[in-house]
Each structure stands twice: as structure tokens, then as C-alpha cells.
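> Pasting the sequence and the predicted coordinates here, then a few questions.
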Amino acid sequence: MPRHPVAMLMAAQIMAVATASAAMAAPEASTPAAVPAPPVRPYAPVTDAMLRNPDPADWLMWRRTFNSWGFSPLDQITPANVGQLRLAWSRPLPVGGYEGTPLVHDGVMYIVESNDRIEAVDAATGELIWRFQRKYPSDFKGGDTKRNIAIFGDLLISTSADGAVYAVDARTGKPAWESQVTDYHTQQGGPSSGPIVAGGKVISGRACSVSGGPEACVMVANDALTGKELWRTHTMPKPGEPGDESWGGIPWEKRVTVGTWMPPSYDPELNMIYFGTSIASPAPKIMLAGNDKSYLNMTSTLALDADTGRIVWHYQHVKDYWDFDHTFERILIDTEVAPDPQAVAWINPRLKPGERRQVLTGIPGKTGIIYTLDRRTGEFLWARATVRQNVVSSIDGATGKVTNNPAAEFTAPDQALDICPAFTGGKNWTAGAYSPRTHLMYMPLQNICSVVTSAGPKTGEGLIGMAIDYTAVMAPGETNVGTIQAISAVTGRTIWKFQQRAGTMSLVDTGGGVLFGGDAVGMFQALDDRTGRPLWHVNLSAPLSGFPITYAVGGRQYVAAGTGGSPEASGLGRMTPEYQPAAGSVLYVFVLP
């Protein structure tokens, strides 16, 4: 990428800050719950009404709003002045990975960090207010990277690596309540993401590992004020339940890894929670109950009644053989539905011109396929690919039924298949954004394929318990790993495309018309959200694995971005060996002069 003088000067300043920060000793895991005693600060308890319609200055949840837009109405930063952004402050984060989303409320930023650590800082200066470090049981040897926490009332609420959901006081960092959801001794696979709070309920999912068994694959609601469990719903049918036949008689204890490891979306009007699910293991279904079974509710969207946890409807996006999880953000929009047949491959023939729907849309999984569904009923409306893919051969527009490409399904051990996209995904958990100004979805995508091999005598057991091995390769004809596409939520057309050599990471859009995002090798940049024109960039030296946000304090708009390692950034980075990013975890905050 080109460099300009402002960015080069800022990069030098940032490197000096980062170097000094790295020399500071990281706090030990036994840091007390609140150090030092925090000063008294004004604090307005967060209500359900505030979560539904947040103050533009605040960032109160993972994608800011229940509809997962990743959009802020703040408009102080524009294409005309974004080039003047400068570093306001930065903070070193614990050694290790970072995939977090800071929250901001009443001028305080809450930084979610790995291994269940939370820091509260002054959002204008970065000055520490308090620090909380959860203590794990003495026999628990895990720990994890956490992508988000929730805020409600005067509480910050999170899910822990050892299977609990817990709350701390947002004013002081002191523990408030804790409730155990899974037993880390027998139900491994903790949450890599935190909860949302919907209607006073803490809604959370679990990753559920191969060794954790089916009881770990649950979606759970807890009372936000007390922690009392209100309901829990398994992602898979038990023997004798509706859908059991889709598992072909596989015993309950062998039904594993259909996890919900990203935060859900929520529609307060319909009172529905929308989760996405992951693969059923092993990936080659010849090693499970056969290629003719569908394995409910693998790689699906699940719509749950928020009051009861009952699954109202489900939609399966693909029958998965390649660990192509579909757990990513579901964008909720009320929109005209007018897919362009020149751009959209699969369309429901019952759609009427000019018809408006309450839709669930976006790219929910690694295939890179956009799916637009009626979020009230789950009815299929339209779908199209955004990157090269060879795993879905067709989708019946009338029914929404997805048909796999038979050539992409494993039929024997030690079988090597050329699969697009790659294990890292045409899209992954790195989040896109939607703007109500432009009616465009902005998606961070990757142009990578892979050779995927089923487990067997020659291959061995494969990686991460999925019974497959894989080697990434560039998609045919591509030299750029990363791309950002701006796609009309109405027509499905790609309006503009930004290509770059490095893999792309999460995005956030703003009312000022500026789209911010980072990449896997350390570049943080701004694009014009109507045209894709590059406006500004700065090299932060390490992967932008955190979710960027924007907020305001004292009438000034800030933009925050966190660097740190993640498996996805590492995988993308291997495709661009000419870059040698650092491994530092730092939160950077920028502001106009």
C-alpha cells in the first residue's frame, strides 16, 4: 500500500508509544478485582430502552445495536477531514491474542481482554479507573480470547473460559454475581464471545469442543440482575425429538461441535434471538452417519423465542464437510427486497416488485455467500456468492434448499479435494457493517482456496478434531488476499470493491460517510463508504484483530482499534510472507485535532 507523510509521521509516533508500552510489565493474573479504589464518577444505569436506541456517543454492545449493523451515526469525522486524525492515546493489552470490542458509556471505556480481564479507563485519555481479573479454579488450566462483553443497569456481564456467566459492577469492577453454565471438567469448549442482554436476559452461546460432548452445545438465558438461569436450548435434537432422524441414529454422546460461538442478533419487536451455528464433527460425513444426512442444526441460522428459548424456525445454509462455520453476524434490516437477476444467482420466485420485508441478511458463514431471509418466518428470499466458491452447486429459490456440489464431498479416507474458499473463510468472524445512509453492506472478504484432505492412514487424524487437514492456496487468478465489497442490501449488486494484498479484518461505518477497518498485517485505514476511495491509513505494526469502534466524549468523536494476534490473522498472514507484522497487543484511539 502507498504511504503518505501524515501516516508515516503518525506511525513513527505510534511505534514509540508501542515500544514504551511493551517495556511495561504486564499485570499478573492475580491482580486484585479493583486496583486502585476508583473515584466516584457520574454513571447512568443502562436500561433496555437505551440498548434499543443508544446515545450516539456510546457503544453499548458488540456491533453497537441489536441489529448488528456495526454503524455509528456520529458524523464529525468526514472524507474531507479524516486525513487529520491523530493519536489521542493508547494502552498496552495483556500479552497474547486480542479480538475484543471495547464498550463506551458515559465517557468510560470498558476494555474486554483475554483470560477474563476487564479494564475501565477514561475514554478521552486512557487513564485507568479500575481493573478486574477473574480468578479461575485451581484445577482449570484454560483461558481464552474474548470478543465482547455486555452492559446492563450498573453491571458489566461476561462469559468465562471455565463455563460461567458473571457480572461485575461497572462503577468499581467488584464482582456482583456468577452462575455456572457448563462444567469445564466434562463439557469443554468455552465461549470465545460474550453475551448480549435482551429484555433483561443475558443471552449467550458456547463453542462446544469435540471432547465436550453435546451437553456443552447450548444457548442459555440468565436473569441480568441476579444471574438466575431462565432457559437453555440445545443446538442439536436429542434421540426421539423432531429432527433426530437427520442424525441417522448417531448416539447422543457422538453429536458434537454444533456451537454458537459468536454473539446473536435480536429483534425486540418480534422478540426473536438469531444465532448462527458451526459444523458437526467429524467434517467428512462418511465418518458420521453418511453423506445423505442433514445433521440438524449444523451450519444454520436459528431463530429463538427470547422468552422461552424455543426454536421458532431454522435454516441450513450448507451441509458442511470443510469446517465452514456459519456463526457470524446476522444483519437485521427492514428493506425493499428487489434482487437483481444479473447479480443474484438464487431468487425466490414469489417475490413481488417493490415488496418490503423484515429481513435477516449478510454473510453468515465461511462460504462467502450472502443469504437474505425473512426474519419473521425464515423464508428464503435470495442468495449470491461474493468470492470464489465450489461447495454449493444450487439453491432452490422456492424452498431455499441448498444442494452441495457432489465433487466437494468426501467419499473416502485420505481424499484430497480442491475447495474454495479456504478454511480461513471467504468471510470469517471478522465483522462487516451496514449503513442506513447508503443501504450498503460492507464485507471484509478473502480470495483464498485450499486443498482439504480427509483423515486416514496417510493423512493422520487431521487438525483440531475435525478429521481433515488443509493447505491454503490463492484462488485461481488472484494475487490479492483481501477485498472489501460494498453490496446493496436491496438488489444484491456489488457497488464497489476495494482490493488489497493483505487479508482484511473487521469494519465499522459512520454517519460521516467514513468506513474504518484494519488488516492482518497491521494497516488501519479509512475508505469513503459511497465509493471505496482510500482516504487515510496508518501502520500499527500488528494485526488488527480487534473490532474497531467509534464514540464521542465532550463533543469530540474518537475511533478505537485494537491490535493483537488471532488464529485468523495468522492464517491470512501466511499468504503474504513479504509482510512481517509484530505480535503486540495495543489499543489505539484516534481523534481530530
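Here it is on my side, so go on. Treat the numbers as computed from the prediction; the structure is a model and nothing was measured.
> How confident is the prediction for the closest residue to residue 163 other than its chain neighbours, by pLDDT?
In this structure, residue 163 finds its nearest non-sequential neighbour in residue 182, 3.9 Å apart by Cβ to Cβ, 6 or more residues apart in numbering. For glycine as for every other residue, the C-beta is placed from the backbone atoms N, C-alpha and C. pLDDT recorded at residue 182 is 95.
> please renumber so the chain begins at 31
Taking 31 as the first residue, the last one we looked at is residue 212.
> tell me which element residue 212 is part of?
Using DSSP states H and E, residue 212 falls within no helix or strand.
> Confirm that residue 427 sits in a helix.
No. Read with DSSP: H, G, I helix; E, B strand; the rest coil, residue 427 is coil and lies in no helix.
> Give me the neighbour count for the closest residue to residue 308 other than its chain neighbours.
Spatial nearest neighbour of residue 308, excluding adjacent residues (Cβ to Cβ, 6+ apart): residue 355 at 3.9 Å. By other Cβ atoms under 10 Å, the residues close to residue 355 number 26.
> Just the pLDDT at residue 355, thanks.
97.
> Equivalent analysis for residue 274, please.
Value for residue 274, per-residue pLDDT: 97.
> residues touching it, list them.
Contacts for residue 274 (Cβ atoms under 8 Å, 6 or more residues apart in numbering) come out as 267-268.
> Now do the phi/psi pair for it.
phi -60, psi -40 (degrees, to the nearest 10).
> Over to the one 10 residues further on?
The phi and psi torsions at residue 284 (degrees, to the nearest 10) take the values phi -100, psi 0.
> give the contact list for it.
Counting by Cβ under 8 Å, 6+ apart, residue 284 has contacts residue 318.
> re the thing from before, doesn't residue 329 make contact with the residue nearest to residue 308?
Yes. With contacts counted by Cβ atoms under 8 Å, residue 355 reaches residue 329, the gap being 6.9 Å.
> Spell out which residues are contacts of both of the two.
307-309, 395.
> does residue 241 count as helix, strand or coil?
Quick answer, by three-state DSSP: residue 241 is helix.
> what's around it, how many residues?
13.
> ok, now which ones touch it?
Residue 241 neighbours (Cβ under 8 Å, 6+ apart): 218-219, 495.
> same question, residue 302
296, 333-336, 342, 405-406.
> returning to that earlier point: assess the claim that the residue nearest to residue 193 and residue 249 are in contact.
No. Assessed by Cβ under 8 Å, residue 212 is found out of contact with residue 249, at 11.9 Å.
> More neighbours: these two, which one.
The neighbour count for residue 212 versus residue 249, taken as other Cβ under 10 Å, is higher for residue 212 (26 against 23).
> What distance do you get for the more buried one to residue 252?
Counting by Cβ to Cβ, to the nearest Å, the gap between residue 212 and residue 252 amounts to 13 Å.
> again, but for residue 510
44 Å.
> Give me the nearest residue to residue 537, chain neighbours excluded.
Using Cβ to Cβ, 6+ apart, the nearest residue to residue 537 is residue 547, at 4.0 Å.
> helix/strand/coil for that neighbour?
Per three-state DSSP, residue 547 ends up strand.
> quick one: contacts for it?
472, 474, 514, 534-538, 554-555, 557, 574, 578.
> Strands - which of these land there?
Counting by DSSP state E, these place 472, 474, 514, 534-538, 554-555, 557 in strands.
> State the pair within those residues that is farthest apart.
472 and 554 (15.3 Å; Cβ to Cβ).
> all helices for this protein, in order.
35-52, 78-82, 597-603 (DSSP state H).
> hey, C-alpha coordinates of the second one in CSV?
The reference is to helix 78-82. Only the C-alpha atoms of helix 78-82 are listed here, as CSV (Å, rounded to 0.1, in the frame of the first residue of the first chain):
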residue,chain,number,x,y,z
ASP,A,78,-33.4,-1.8,27.9
ALA,A,79,-34.6,1.4,26.2
MET,A,80,-31.0,2.6,26.0
LEU,A,81,-29.9,-0.6,24.4
ARG,A,82,-32.6,-0.4,21.8
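> hmm, who's touching it?
Contacts of helix 78-82 (Cβ under 8 Å, 6+ apart): 88, 90-91, 96, 182, 227-230, 298.
> go with 7 Å
Contacts to helix 78-82, defined as Cβ atoms under 7 Å, 6 or more residues apart in numbering, come from residues 90-91, 96, 227, 229-230, 298.
> Drop anything exposed from those residues.
Among these, those buried by neighbour count (16 or more other Cβ atoms under 10 Å) are 90-91, 96, 227, 229-230.
> can you give me the strands in the stretch 331-480 of the chain?
Counting by DSSP state E, counting those that start in this stretch, the stretch 331-480 of the chain has strands at residues 341-346, 361-366, 376-377, 386-391, 399-404, 410-415, 422-425, 432-434, 446-449, 463-465, 470-476, 478-484.
> In JSON lines: those strands, plus mean neighbour count and mean pLDDT.
Formatted as JSON lines, these follow (neighbours: other Cβ atoms under 10 Å; pLDDT from 0 to 100):
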{"stretch": "strand 341-346", "mean neighbour count": "19", "mean pLDDT": "98"}
{"stretch": "strand 361-366", "mean neighbour count": "20", "mean pLDDT": "98"}
{"stretch": "strand 376-377", "mean neighbour count": "22", "mean pLDDT": "98"}
{"stretch": "strand 386-391", "mean neighbour count": "21", "mean pLDDT": "98"}
{"stretch": "strand 399-404", "mean neighbour count": "25", "mean pLDDT": "98"}
{"stretch": "strand 410-415", "mean neighbour count": "23", "mean pLDDT": "98"}
{"stretch": "strand 422-425", "mean neighbour count": "17", "mean pLDDT": "98"}
{"stretch": "strand 432-434", "mean neighbour count": "17", "mean pLDDT": "98"}
{"stretch": "strand 446-449", "mean neighbour count": "18", "mean pLDDT": "98"}
{"stretch": "strand 463-465", "mean neighbour count": "26", "mean pLDDT": "98"}
{"stretch": "strand 470-476", "mean neighbour count": "26", "mean pLDDT": "98"}
{"stretch": "strand 478-484", "mean neighbour count": "23", "mean pLDDT": "97"}
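> Residue 576 versus the residue nearest to residue 537, what's the distance?
Taken as Cβ to Cβ, the span from residue 547 to residue 576 is 11 Å.
> One more: residue 476?
Taken as Cβ to Cβ, the span from residue 476 to residue 576 is 18 Å.
> how many neighbours does the closest residue to residue 576 other than its chain neighbours have?
Spatial nearest neighbour of residue 576, excluding adjacent residues (Cβ to Cβ, 6+ apart): residue 592 at 2.7 Å. Neighbour count for residue 592, taken as other Cβ under 10 Å: 32.
> who are the neighbours in contact with residue 592?
123, 128, 130, 576, 617.
> Could you give the bridge partners of the closest residue in space to residue 462 that isn't next to it in sequence?
Nearest in space to residue 462, with sequence neighbours left out and distances taken as Cβ to Cβ, 6+ apart, is residue 473 at 4.1 Å. Beta-bridge pairing of residue 473 under DSSP bridges involves residue 515.
> and if you look at residue 594?
In beta-bridge terms (that is, DSSP bridges), residue 594 pairs with residue 574.
> shouldn't it be in contact with residue 572?
Yes. If you go by Cβ atoms under 7 Å, residue 594 and residue 572 touch, sitting 6.5 Å apart.
> Neighbour count: the two, which is higher?
Shown here are residue 594 and residue 572; by other Cβ under 10 Å, residue 594 has more neighbours (26 against 23).
> what about that one, distance to residue 409?
With Cβ to Cβ as the criterion, residue 594 and residue 409 are 40 Å apart.
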